[in-house]
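Trainee: Based on what follows, work out the 3D shape:
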Amino acid sequence: MKRNEVVLHPSERLDDLLTHDLQIIQSDEVFSFSMDAVLLARFAGIPKRGKILDICTGNGVIPILLTTRTKASIDAVEIQPRLAEMARRSVQLNQLDEQIQIYEGDVRNFADQIGYGKYDAITVNPPYMPLNGSDIKLSIHQATARHELNGTLEDIIKACMHLVRTGGKVSMVHKPQRIGEIITLMRKYRLEPKRIRMVHPRMDKEANMVLIEALRDGKPDVRMLPPLIVYNEEGQYCEEIMNIYYGEHNLEEENK
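Mentor: Predicted coordinates:
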């Protein structure tokens with residue numbers, strides 16, 4: 001399918017992913033990706049070839065960005081029908097149909113459908129907030145993206161254990177407030193944390209994101225990476241963030 005043949009529905013727009021001429025379909029009515037997805041797509045340890053799975057894929061931004069780093073076959077699963085359909089159209093828009101397959105389904109039983117231990121690497125940007133009985137004043141689409149309405153953190157990590165092969169990697173972005181819970185659950189399900197990186201909005205501010213990578217059946221040996229700082233003192237993106245968004249090559253071309 002050609003780019004001009006992809007249909008945009010009312011309320012949808014096309015956003016530029018700022019690299020490799022990639023674009024994505026977004027809508028404020030359902031879900032728009034943010035920096036955490038971009039950082040995870042760059043942080044994750046992925047093979048050049050093989051099979052990768054993105055869980056809780058939303059509108060498909062992570063698998064689309066991963067194609068700039070790998071020739072591997074990428075599957076992605078999303079439980080919300082509208083988002084899964086948007087992700088499929090974004091894949092078609094970028095003519096990545098042969099590399100990315102979007103599934104609509106529940107990750108908690110996805111291994112029964114697709115097979116156990118099938119993937120070399122998994123990326124996951126799950127809902128950050130547990131259900132605590134408070135009133136969720138969001139649309140069902142936004143609430144599902146942010147709250148654990150369709151599975152807890154433990155459900156997600158357990159599913160990763162079922163789907164990744166021995167020696168395969170699972171990479172996650174989440175909130176630092178839950179890092180203790182994440183490590184405990186990963187070890188419970190034989191996913192040994194190997195790399196952790198905190199993301200700080202500014203040098204003097206607390207971390208507001210954490211990137212963590214685990215190895216299925218790995219030995220205990222975790223590396224704490226240098227912090228990733230988003231904004232400098234002038235309120236502009238730090239150089240590393242610019243490189244992540246635009247790529248070193250593109251920045252060099254732009255500055256000529």
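
Trainee: I'd say residue 223 and residue 195 touch.
Mentor: Yes: Residue 223 lies in contact with residue 195 (C-beta atoms under 8 Å); the separation is 5.2 Å. Quick note: C-beta positions are derived from backbone N, CA and C, even for glycine.

Trainee: More neighbours: those two, which one.
Mentor: Taking neighbours as other C-beta atoms under 10 Å, residue 223 and residue 195 compare with residue 195 leading, 18 against 10.

Trainee: which ones are touching the closest residue to residue 206 other than its chain neighbours?
Mentor: Distances taken as C-beta to C-beta, 6 or more residues apart in numbering put residue 200 closest to residue 206, at 7.0 Å, once the chain neighbours are dropped. Counting by C-beta atoms under 8 Å, 6 or more residues apart in numbering, residue 200 makes contact with 206, 207, 208, 227, 228, 229, 230.

Trainee: partner residues bridging residue 200?
Mentor: With DSSP bridges as the criterion, residue 200 is bridged to residue 229.

Trainee: got a list of contacts for stretch 103-121?
Mentor: The contact list for stretch 103-121 (C-beta under 8 Å, 6+ apart) reads 44-47, 50-53, 55-56, 72, 75-79, 81, 84-85, 150-151, 155-156, 158-159, 162-166, 168-171.

Trainee: Can you report how many residues lie near residue 217?
Mentor: 13.

Trainee: same check, this time on residue 32
Mentor: Residues within reach of residue 32, counting by other C-beta under 10 Å, total 17.

Trainee: Tell me who's in contact with it.
Mentor: 26, 59.

Trainee: Can you tell me how far the residue nearest to residue 206 is from residue 172?
Mentor: Counting by C-beta to C-beta, to the nearest Å, the separation of residue 200 from residue 172 is 18 Å.

Trainee: Please pull up the helix or strand immediately following the host helix or strand of residue 62.
Mentor: In the assignment (DSSP states H and E), residue 62 maps to helix 61-66. Where DSSP H and E defines the elements, the next helix or strand beyond helix 61-66 is strand 73-78.

Trainee: In its sheet, which strands sit next to that next one, and in what direction?
Mentor: By DSSP bridges, strand 73-78 pairs with strand 51-55 (parallel), strand 100-104 (parallel).

Trainee: Among those strands, show me which one is buried the most.
Mentor: Across the strands paired with strand 73-78, averaging neighbours per residue (mean count of other C-beta atoms under 10 Å) puts strand 51-55 on top, at a mean of 27.
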